[in-house]
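Next come a sequence and a model predicted from it.
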Amino acid sequence: MREFDIIGRIKARTGSMAGVRLGIGDDAAVLERGAFDLVALDTMVEGVHFRWGWSSAADVGWKLLARNLSDIAAMGGTSGPFLLSFALGEGVDGACVDGLVEGLEAAARAMVEARGEVGPIGGDTTRSPGPTVLSLTLFGRTGPRGPVTRRGAQAGDVVAVVGALGAAAAGLEVLQRGLEGVGRWAELVEAHRRPWAQVRAGAWLGRQEGVRAMIDVSDGFAQDLGHLLRPAGLGARVEFEALPSPAALRACAVELGAEGSRWVLAGGDDYALVVIAAAGRFEAIAAAAAGEGIELVSVGRVRSERGVEVVGAGGLQIAASLAGYEHTFEGGGEEG
């Protein structure tokens, strides 16, 4: 399959988008001046972030876009066009490329309310002598309050979560064990293959006074919460029982003899949002969010003492030192 065949396949499925003057077909795309003020980039490597035996091409395409949509949502923004970079390994044919694009389209249809706002405007394709490497660069727009960054937490603020925690990690473990019961834990496996970015919630929260900081859970709740606290030299006390997770996760942990708390606290790829909100504004924000169909769950408080303390039933302390996922560069790493 030739490069221009791939470009043609993608271009044939692409329409016009707001903020884009010129898309696929020239040396560079042309964006309208001032149309976008956010940009996110994410890369997925075969054998590190996905396996063809565990996920379809459409699943991989979905996840590639979802990771980026989640980054824009965590900044309180809305998503726009994106650039693709495909370095395709051995065995990747036209049907696989079509599957990747179908997954990208399906993710946009499912998670983006403004139809036609998110789609490819260009990129690059090449062959890889090794694994397939897929990159996506997504442009976005901030709301009227500007970007919600990781900085801004203050002692006494509420720590809250939108979305479920731990399901993707549980699904990955089911796949890693090669269990015949994959079908029984389909909800968890699907959470790994096709994670849900909190696109609408992130944009809505970005417009609310009192929302001080946000981050998406890509590397694990405890680790990502730490990213919100360390810049200000703060910590937090979190109630483990308040952390939202699916009932299937607990049942799966019992059956596998696994540590479900590790999935919840350290499992990545959930793309839930961790939100830091002013205590005096939280109840009003949560009530308004519920009216929008967004469940904003209070799970703890920011405190002046450094470190994340996770407390279970009866005040039992749970190890919050559970490391989330972090890339290392001496070999090894996540596979999923």
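Received it, and whenever you're ready, just let me know what you need.

show me where the stretch 51-200 of the chain has helices.
57-74, 94-111, 167-176, 186-193, 199-205 (DSSP state H, counting those that start in this stretch).

Would you format these as TSV with distance to Ile318 included?
Just so you know, the C-beta spots here come from the backbone N, C-alpha and C atoms, and that holds for glycine as well. Output for the helices of the stretch 51-200 of the chain, formatted as TSV (distance: least, Cβ to Cβ, whole Å):
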stretch	distance to Ile318
helix 57-74	25
helix 94-111	32
helix 167-176	16
helix 186-193	21
helix 199-205	26
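
Go through those and pick out the most buried.
Of all the helices of the stretch 51-200 of the chain, helix 57-74 carries the top mean neighbour count, a mean of 26, counting by mean count of other Cβ atoms under 10 Å.

which secondary structure elements does it contact?
Helices and strands touching helix 57-74, by 3 or more Cβ pairs under 8 Å, 6 or more residues apart in numbering; DSSP states H and E, are strand 38-45, strand 78-88, helix 94-111, strand 133-141, helix 186-193, helix 199-205, strand 211-216.

Just the CA coordinates for it, please, in CSV.
Extracted in CSV, the C-alpha atoms of helix 57-74 (Å, rounded to 0.1, in the frame of the first residue of the first chain):
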residue,chain,number,x,y,z
ALA,A,57,-7.6,-1.5,14.5
ALA,A,58,-10.8,0.4,15.2
ASP,A,59,-10.2,0.0,19.0
VAL,A,60,-6.7,1.4,18.5
GLY,A,61,-7.9,4.4,16.5
TRP,A,62,-10.6,5.1,19.1
LYS,A,63,-8.0,5.1,21.9
LEU,A,64,-5.6,7.3,20.0
LEU,A,65,-8.2,10.0,19.7
ALA,A,66,-9.6,9.5,23.2
ARG,A,67,-6.3,10.1,24.8
ASN,A,68,-6.0,13.5,23.1
LEU,A,69,-9.6,14.5,23.7
SER,A,70,-9.1,13.8,27.4
ASP,A,71,-6.0,16.1,27.5
ILE,A,72,-8.1,19.0,25.9
ALA,A,73,-11.0,18.3,28.3
ALA,A,74,-8.6,18.4,31.3
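
pLDDT (mean, whole number) over it?
Helix 57-74 shows a mean pLDDT of 98.

Tell me which of the helices and strands packed on helix 57-74 sits nearest to Gly19.
strand 78-88 (5.6 Å; Cβ to Cβ).

Partner strands of that closest one, with direction?
Strand 78-88 has its sheet partners listed here by DSSP bridges as strand 120-127 (parallel), strand 133-141 (antiparallel).

roughly how far out does the longest one sit from the chain middle?
Yep, that's strand 133-141 we're talking about. How far strand 133-141 lies from its chain's middle: 13 Å, per Cα atoms, centre = their mean, to the nearest Å.

That one vs strand 38-45, what angle?
Counting by axes from the mean of the first three to the mean of the last three Cα atoms, to 10 degrees, strand 133-141 lies at 170 degrees to strand 38-45.

Let me see the mean pLDDT of strand 133-141.
The average pLDDT for strand 133-141 rounds to 97.
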